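Peer 1: the sequence isn't on hand, but the structure is:
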């Protein structure tokens with residue numbers, strides 16, 4: 001009992017010593033699990049939180065006094081912003097986030113990093129440039145090159161991905177050469193941008209989601225595709241369970257996050273015969289599956305990360321002999 005009371009007192013003292021923040025969460029729906037958990041975690045730690053529909057934010061872009069308005073209100077004095085921007089609103093969402101950055105509001109993930117990770121082809125090229133393990137990937141524009149493209153990734157079976165697809169939508173497994181040829185021709189005929197990847201058969205329809213916060217993997221889970229399905233996304237009926245990462249998998253996930261420039265992300269990888277291969281780096285990973293599988297309070301870890309960064313920024317400003325920048329409106 002004495003120890004319990006002592007721990008409560010210590011927690012209270014730490015809370016009193018911590019600077020409270022005003023945090024904006026950019027989310028279309030405040031009732032979404034991930035959004036509501038972040039609100040709960042931030043409020044539990046004494047911060048003021050506001051959920052903003054990113055499509056209702058509009059901007060006054062000026063050189064010396066940039067501002068953001070929301071339903072007729074001038075948004076002021078935010079310390080940090082957490083972007084939960086869906087893929088369908090990436091362009092407008094990152095524009096709003098850039099405006100917050102112009103106003104010296106700390107972004108959990110920067111706009112340029114989100115844009116980078118949402119571009120599937122660009123992200124694969126950046127990861128390949130740094131030597132990260134990847135499935136052999138091909139990209140072409142002309143139907144005349146389809147035969148050679150299929151050959152370059154090792155032939156069928158192979159995976160065809162729409163560059164704009166999310167949550168497993170627009171991902172096709174072509175099991176034969178003729179099927180691959182037909183699907184690629186169909187996509188090209190619709191002027192859809194696609195990339196073609198080797199099929200990692202040994203993964204057995206499963207992948208690993210590594211949840212990275214800062215410079216460490218804080219949780220991980222194995223996602224298994226449902227019967228008759230090769231996509232392991234939970235949105236497609238896949239199941240999730242706790243998994244123990246190898247040191248190589250852990251370091252690969254952290255490196256991938258750093259290459260993308262993301263502070264918080266979900267790194268999806270497969271276990272191949274030649275080591276871990278990255279499938280995607282998700283800049284707005286959901287919390288529901290990973291919290292259930294790991295039994296960890298991931299939302300609180302994210303808020304704690306923001307606190308540390310904010311405190312570091314405040315300390316730096318106080319130590320600086322000449323403050324050339326002041327905290328702007330947010």
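Peer 2: Nice, thanks for sending it over. These figures come from a predicted structure and were not determined experimentally.

Peer 1: quick one: residue 137 from residue 298, how far?
Peer 2: Distance, residue 137 to residue 298, by C-beta to C-beta, to the nearest Å: 30 Å. Just so you know, the C-beta spots here come from the backbone N, C-alpha and C atoms, and that holds for glycine as well.

Peer 1: more crowded one of these two?
Peer 2: Ranked by neighbour count (other C-beta atoms under 10 Å), residue 137 and residue 298 place residue 298 first, with 23 against 19.

Peer 1: what ranges of this protein fall below the confidence cut-off?
Peer 2: 1-18, 165-168, 226-238, 316-330 (pLDDT under 70).

Peer 1: what are the structural domain limits within it?
Peer 2: As recorded under automatic domain parsing, the domains making up the chain are 2-109+299-319, 137-199, 202-283.

Peer 1: winner for burial among those domains?
Peer 2: Each of these was scored by mean neighbour count; the highest is domain 202-283, a mean of 19, by mean count of other C-beta atoms under 10 Å.

Peer 1: can you confirm residue 100 is in a helix?
Peer 2: Yes: counting by DSSP: H, G, I helix; E, B strand; the rest coil, residue 100 is part of a helix.

Peer 1: contact partners for it?
Peer 2: Neighbour list for residue 100: 24, 68, 78, 81, 107, 330 [criterion: C-beta atoms under 8 Å, 6 or more residues apart in numbering].

Peer 1: roughly how far apart are the nearest residue to the fifth one once chain neighbours are set aside and residue 215?
Peer 2: Spatial nearest neighbour of residue 107, excluding adjacent residues (C-beta to C-beta, 6 or more residues apart in numbering): residue 81 at 5.3 Å. Going from residue 81 to residue 215 by C-beta to C-beta gives 21 Å.

Peer 1: same thing with residue 149?
Peer 2: 37 Å.

Peer 1: do residue 247 as well
Peer 2: The value you get for residue 247 to residue 215, if C-beta to C-beta is used, is 15 Å.

Peer 1: got it, and residue 240?
Peer 2: Taking C-beta to C-beta, one finds residue 240 at 24 Å from residue 215.

Peer 1: thinking again about what came up before, who does the residue nearest to residue 107 bridge with?
Peer 2: Legend: beta-bridge partners of residue 81 under DSSP bridges are residue 24, residue 107.

Peer 1: so what's it up against?
Peer 2: Residue 81 makes contacts with 23, 24, 25, 26, 97, 100, 105, 106, 107, 108, 330, as judged by C-beta under 8 Å, 6+ apart.

Peer 1: for residue 198, same thing?
Peer 2: Residue 198 neighbours (C-beta under 8 Å, 6+ apart): 135, 136, 137, 153, 154, 158, 159.

Peer 1: recalculate using a threshold of 10 Å.
Peer 2: Residue 198 makes contacts with 134-138, 152-155, 157-159, 272, 277, as judged by C-beta atoms under 10 Å, 6 or more residues apart in numbering.

Peer 1: which outside residues touch the helix or strand containing residue 43?
Peer 2: Taking DSSP states H and E as the definition, one finds residue 43 inside helix 33-44. Here helix 33-44 makes contact (C-beta under 10 Å, 6+ apart) with 15, 20-23, 25-30, 32, 47-51, 80, 82, 84, 108, 284-292, 297-304, 306-307.

Peer 1: same question, stretch 285-296
Peer 2: Here stretch 285-296 makes contact (C-beta under 10 Å, 6+ apart) with 32-38, 41, 84, 167, 209-212, 218-223, 233-235, 238-243, 262, 264-268, 297-299, 302.

Peer 1: in it, what's buried?
Peer 2: 285, 286, 287, 289, 290, 291, 293, 294, 296 (16 or more other C-beta atoms under 10 Å).

Peer 1: how long is it end to end?
Peer 2: 15 Å (C-alpha to C-alpha, to the nearest Å).

Peer 1: with stretch 145-164 instead?
Peer 2: First-to-last residue span, stretch 145-164, C-alpha to C-alpha: 22 Å.

Peer 1: now do stretch 155-173
Peer 2: The first and final residues of stretch 155-173 sit 12 Å from each other (C-alpha to C-alpha).

Peer 1: ok, which stretches of the stretch 1-150 of the chain are strands?
Peer 2: Assigned by DSSP state E, counting those that start in this stretch, the strands in the stretch 1-150 of the chain fall at 22-26, 48-52, 57-60, 67-70, 73-75, 80-83, 106-107, 137-138.

Peer 1: the stretch 151-300 of the chain too?
Peer 2: Going by DSSP E, counting those that start in this stretch, the stretch 151-300 of the chain shows strands at 158-162, 171-174, 194-198, 206-213, 216-224, 239-242, 264-272, 275-282.

Peer 1: distance to residue 185 for those - can I get that in TSV?
Peer 2: Converted to TSV, these look like this (distance: least, C-beta to C-beta, whole Å):
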stretch	distance to residue 185
strand 158-162	11
strand 171-174	11
strand 194-198	11
strand 206-213	28
strand 216-224	31
strand 239-242	34
strand 264-272	27
strand 275-282	24
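
Peer 1: wait, what's in contact with the spatially most central residue of the chain?
Peer 2: Centroid-nearest residue in the chain, with C-alpha atoms, centre = their mean: residue 283, separated by 1.6 Å. Residues in contact with residue 283 (C-beta under 10 Å, 6+ apart) are 83-85, 87, 90, 94, 108-110, 113-118, 123, 257, 260-266.
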